[in-house]
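Undergrad: below are the sequence and a predicted model for it; my questions follow.
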Amino acid sequence: MKKIRILALILVNSLLVGVFATCAPAGAPADANGTAAATSISQYANASELPLPAPVQRGITLGLWSEPPNVAPGRHASLLAHSMNALTHNGLFRLEYQNLVPTPDLIDSWIALSDILFEFHITPGVMFHNGYELTAHDFVASFEYLRNYSYAAAVHDSIEYARAIDNHTLHIDTGVPNAMLFYDLAHHGNWVLPRALIESGKDFKASPIGTGPFIFENWNLGQDITFIRNPYYFDHERIAYVPYVIWKFAIDTPIRAIALERGEIDLIADILTVYDIQRMRNLPNITVFERPSLTYHSMNMNTEVFPFDNIIVRQAVDMALDKEAMVAISMQGFGTPIWQNTPPLPGSSPIGGGSFDPDGARLLLDEHGLEPATLGFEILVSRYVQPRLRAQIAQDNLLEIGIPTTITVVDSAAHLSLTQAGAYQASLGGYAATNLMSFLRNTMHSSSIGGGNLSRINSPELDALIDKAIATLDENERIAILEQAGTLANEIRSAAPISMGTILRVHNSNLVLPEIGANGFMFLNMAYWIQ
């Protein structure tokens, strides 16, 4: 048995400094509009025709519970789809998996012209999968295109405007000092699409075109998505080792475990039962990877609708929930209960956090003349086992203080759609953030309503603190402001915090996965087979 444990996270909350250089192949000459003559990438119809280094290695097949809503960057809030986007697309920056600090990706240098104006130099010769060279014009077109989608809106707030100076020189103005800029440029909502295809009206939802280490091949709805190796990837040090990646869907948990044991799939990247995990730890050909996660699980409460438009109800519901039981039963102990409304990142505050106190919840409602039987609501959950179990525990907890609930189970795509639209009362979900600025802005700022602010909280005081923190470049000053914001978030209680998660990846022991971040993202271009 092989078992990997990474017990500590390195959480760095600072702006990147310095210059990064990459090696890139020469590309076709570009004209004044930033287009280029097509290369021969598109002639390879499938993985078997790719000019791979000898010997050709086997690909990777993942077994998953469900498929993503789409595979277009900036048009979803799915961790699963983000890992797919990382196969096909690049941004000006990417997050290093070890410490989640932004590092240059599509650029070979940058300079700060002022506190608000930055100049980036695009690496020459980076080719889109359709054979055109990437230019600064493509970034500007992508920025203007993706900002129209709510899931990308928050990560566009840090940019006042983007302007192509020439094919390889880009200026970005943040309007005010902004400590989130490089983090936002590393988010899939700012990854780059071909300008020519944007202008032609292409819908990228089911057929993405990017510059990444893999090329999208096909999507069999309800079955699988296939990506093939990009032999012309610009970053030679990160070119994919395997010829293809296949994501298989709608595989129930026991079947996935058996399929992995039989070698029919190579990697399970989502939920397994504790029984399967314990059993697989004793198998000689299986590796169980485990590390603390930055995924923050909560019950989101829609503050725009009854009964959660009342802060007293939100506080009482949070007090009634047994987070210890939720972690023990729904997560089989793979997690840590949490009572504050922000994840434990630099700047987080425990002041005003709740506790498990059902008697106190009953008393709080009684003191404010609220009859529990009249406060019933619906809990919306996806089909995943963990949130369904958490919902059942919450239902039992709430019934103990007299609040009746119903549970509605929908598929993942419907869950994302309904919560984004605010068409729900309470819902169970998770959010992975790399720093506290990002978490607060994306989940609690009023500008993110319709996107990541699923509780639809609108607090001018909290907005002002979040904005002030982001505009503060001094780290110590920023952390002090974030602590104020975290304390206020605990008081507002727009969501009932449940737990911090654990990343589990179960895979064939001959498959090496060197880059798995604490946010759950996987860079599968760096995966390879041994023996």
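TA: Sure, I can see it. Numbering: from 1, shown residues only.
Undergrad: quick one: low-confidence residue ranges for the chain.
TA: Low-confidence segments of the chain (pLDDT under 70): 1-56, 250-253, 270-275.
Undergrad: longest strand in it, please.
TA: strand 286-301 (DSSP state E).
Undergrad: note down every partner strand of it and its orientation.
TA: Strand 286-301 has its sheet partners listed here by DSSP bridges as strand 2-5 (parallel), strand 426-432 (antiparallel), strand 495-508 (antiparallel).
Undergrad: those strands: which one's closest to residue 149?
TA: With distances scored as CB to CB, the stretch of the strands paired with strand 286-301 nearest to residue 149 is strand 426-432 (17.8 Å). In this view, the C-beta of every residue, glycine as well, is placed from N, C-alpha and C.
Undergrad: skip ahead from the closest one and say which helix or strand is next.
TA: Per DSSP states H and E, the first helix or strand lying C-terminal to strand 426-432 is helix 436-444.
Undergrad: what sits up against the longest helix seen in the chain?
TA: Taking DSSP state H as the criterion, the chain has its longest helix at helix 475-492. The contact list for helix 475-492 (CB atoms under 8 Å, 6 or more residues apart in numbering) reads 13-14, 179, 311, 314, 340-342, 346-354, 436-437, 440, 444, 457, 459, 461-462, 465-466, 468-469, 472.
Undergrad: in JSON lines: the strands paired with strand 286-301, plus distance to residue 289.
TA: Rendered in JSON lines, the data for those read as follows (distance: least, CB to CB, whole Å):
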{"stretch": "strand 2-5", "distance to residue 289": "5"}
{"stretch": "strand 426-432", "distance to residue 289": "17"}
{"stretch": "strand 495-508", "distance to residue 289": "4"}
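Undergrad: closest to residue 198 out of the ones you listed?
TA: Checking the strands paired with strand 286-301 against residue 198 by CB to CB gives strand 426-432 as the closest, at 27.9 Å.
Undergrad: these two touch, right, residue 471 and residue 178?
TA: Yes - using CB atoms under 8 Å, residue 471 is in contact with residue 178, at 6.5 Å.
Undergrad: between the two, which one's more packed in?
TA: Higher neighbour count among residue 471 and residue 178: residue 178, with 26 against 18, using other CB atoms under 10 Å.
Undergrad: what sits against the closest residue in space to that one that isn't next to it in sequence?
TA: Distance criterion CB to CB, 6 or more residues apart in numbering; nearest residue to residue 178, sequence neighbours excluded, is residue 158 at 4.6 Å. Counting by CB under 8 Å, 6+ apart, residue 158 touches 174, 178, 180, 181, 184, 470.
Undergrad: tell me the SS of the closest residue to the third one other than its chain neighbours?
TA: What that stands for is residue 180. With CB to CB, 6+ apart as the criterion, residue 180 has its nearest non-adjacent residue at 4.7 Å, and that residue is residue 158. Look at residue 158: counting by DSSP: H, G, I helix; E, B strand; the rest coil, its state is coil.
Undergrad: state the distance from residue 158 to residue 373.
TA: In this view, residue 158 and residue 373 are 46 Å apart by CB to CB, to the nearest Å.
Undergrad: again with residue 220
TA: Separation of residue 220 from residue 373 (CB to CB): 49 Å.
Undergrad: what about those two, which has more around it?
TA: Taking neighbours as other CB under 10 Å, residue 220 and residue 373 compare with residue 220 leading, 11 against 8.
Undergrad: mind listing the residues bridging to that one?
TA: residue 224.
Undergrad: the chain should start at 7 in everything you say after this.
TA: Right, with 7 as the first residue, what we last looked at is residue 226.
Undergrad: separation between it and residue 254?
TA: In this view, residue 226 and residue 254 are 10 Å apart by CB to CB.
Undergrad: quick check: closest non-adjacent residue to residue 255.
TA: Nearest residue to residue 255, sequence neighbours excluded (CB to CB, 6+ apart): residue 73, at 4.1 Å.
Undergrad: can you tell me the SS state at the one you found?
TA: Going by three-state DSSP: residue 73 is coil.
Undergrad: quick one: it from residue 213, how far?
TA: 15 Å.
Undergrad: more crowded one of the two?
TA: Higher neighbour count among residue 73 and residue 213: residue 73, with 25 against 15, using other CB under 10 Å.
Undergrad: from memory the more buried one sits against residue 254, does it?
TA: No - if you go by CB under 8 Å, residue 73 and residue 254 don't touch, sitting 9.2 Å apart.
Undergrad: so which strand or helix has residue 401?
TA: Assessed by DSSP H and E, residue 401 sits inside helix 391-406.
Undergrad: buried sites along stretch 389-408?
TA: For stretch 389-408, the buried set under the neighbour-count rule, 16 or more other CB atoms under 10 Å, comprises 390-401, 403-404, 407-408.
Undergrad: need the contact partners of that stretch.
TA: 71-72, 259, 276-277, 279, 303, 305, 322-323, 326-328, 331-332, 335-337, 364, 367-368, 371, 377-379, 385, 387, 410-411, 413, 415-418, 434-435, 504.
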